[in-house]
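**Student:** Next comes the sequence, and after it the predicted model I'd like to discuss.
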Amino acid sequence: MGQLSEAIRHISGWGVFIATFALVGCASPIEIKTAARAEVNLINALDEAVVNLQTGLAHFHGVQAARIREEGRALIARQAIDAAFPPTQTQAKVTADKLFEEHKAAVQPWIDYAFQSPDLDASIERLEKRKEKVADPLLKAAIEKQLQDLKVQRLDATAGKPKVVQDIEKIVLDDLAAEENTAKRADNLLDILRAQIAVMKNMAEKVDAWLAIDVTLTQGQTDALKASLSAATKALQGGGKP
């Protein structure tokens, strides 16, 4: 209700302005021209501020996602090491080379392939759909080769993965998805705000241009503008119904 009342007051204010302007004639007071130009400048400044905010938020969420990935890799490495070398297990004396080999085989793959499964699944699904639509045998064979390579990568990324590693990876992927959704919502809201600012800017520039050339309204134009404003005000008062 508060926003509706404000909109009504805004339209009524424009009605008074237009009526006064029509009675004045061709010469607009310098104060009105200065105010109109200042309004345009303020709207431009607001638009620039929103652009800067949108850029800053995009960078912030990108940094947050990178931090989640890095911390997630560290957690995966810890879980993979615990799974490969349980603290309670009695270990025989081993050489550094043997320890390196065991780490390379039982730990490093889960760090290297961390968070890749969803992307691999999406790529495989996309290529399979594309393959169904292709008639050229050579192109279909090339797509099949790509599919086989991706399926091998997916097998390497999932086969034998310890349950504790799977669990922590799912948690991290959920955190990444939540961060991405938050970033998208913020970006969409700012896109809406920029669209509203664009409308404000368009109106303000038209008024500024109108005042700059000192347009004189005819009585017919004044009556038509008053009628339009009155109809718009009544529509707002009636909840949007004319």
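**Tutor:** Great, that's in hand. Numbering: from 1, shown residues only.
**Student:** Break down this structure into its strands, ranges please.
**Tutor:** Ranges of strands within the chain: none, based on DSSP state E.
**Student:** What residues sit buried inside stretch 177-187?
**Tutor:** Across stretch 177-187, burial judged by 16 or more other Cβ atoms under 10 Å covers Glu179, Ala183, Ala186. Where C-beta positions appear, they are placed from N, C-alpha and C, glycine not excepted.
**Student:** Out of these, which is nearest to Leu155?
**Tutor:** Set against Leu155, the nearest of the buried residues of stretch 177-187 by Cβ to Cβ is Glu179 (28.6 Å).
**Student:** got the contact list for that closest one?
**Tutor:** Taking Cβ atoms under 8 Å, 6 or more residues apart in numbering, we find Glu179 in contact with His61, Gln64, Ala65, Ile68.
**Student:** Can you tell me which of the residues you listed are classed as buried?
**Tutor:** His61, Gln64, Ile68.
**Student:** max-length helix in the chain?
**Tutor:** helix 30-84 (DSSP state H).
**Student:** what about that one, distance to the chain center?
**Tutor:** 10 Å (Cα atoms, centre = their mean, to the nearest Å).
**Student:** again with stretch 197-215
**Tutor:** Its chain's average C-alpha position is 31 Å from that of stretch 197-215, according to Cα atoms, centre = their mean.
**Student:** Buried ones in that stretch, by neighbour count?
**Tutor:** Going by neighbour count (16+ other Cβ under 10 Å), the buried part of stretch 197-215 is Ile197, Met200, Lys201, Ala204, Glu205, Val207, Asp208, Leu211.
**Student:** how far away is the last one from Ala35?
**Tutor:** Spelled out, it's Leu211. Distance of Leu211 to Ala35, computed by Cβ to Cβ, to the nearest Å: 9 Å.
**Student:** Please apply the same query to the fourth one.
**Tutor:** The spacing between Ala204 and Ala35, counted by Cβ to Cβ, is 10 Å.
**Student:** Repeat that for the fifth one.
**Tutor:** Relative to Ala35, Glu205 is positioned 14 Å away (Cβ to Cβ).
**Student:** What number of neighbouring residues does Phe60 come out with?
**Tutor:** If you count neighbours by other Cβ atoms under 10 Å, Phe60 ends up with 12.
**Student:** Please apply the same query to Glu39.
**Tutor:** 17.
**Student:** Apart from its neighbours in sequence, what residue is nearest it?
**Tutor:** Leaving aside its chain neighbours, Glu39 sits nearest to Ala204 (4.9 Å; criterion: Cβ to Cβ, 6 or more residues apart in numbering).
**Student:** list the contacts for the one you found?
**Tutor:** Ala36, Glu39, Val40, Ile43.
**Student:** From what I see, the third one and Asn202 are in contact.
**Tutor:** The reference is to Val40. No. Judged on Cβ atoms under 8 Å, Val40 makes no contact with Asn202 at a distance of 10.4 Å.
**Student:** Distance of Ala83 relative to Leu190?
**Tutor:** To Leu190, Ala83 is 44 Å away according to Cβ to Cβ.
**Student:** ugh, wrong one, I meant Pro118
**Tutor:** Using Cβ to Cβ, Pro118 is found at 27 Å from Leu190.
**Student:** Check Ile76 too.
**Tutor:** Ile76 is 34 Å from Leu190, by Cβ to Cβ.
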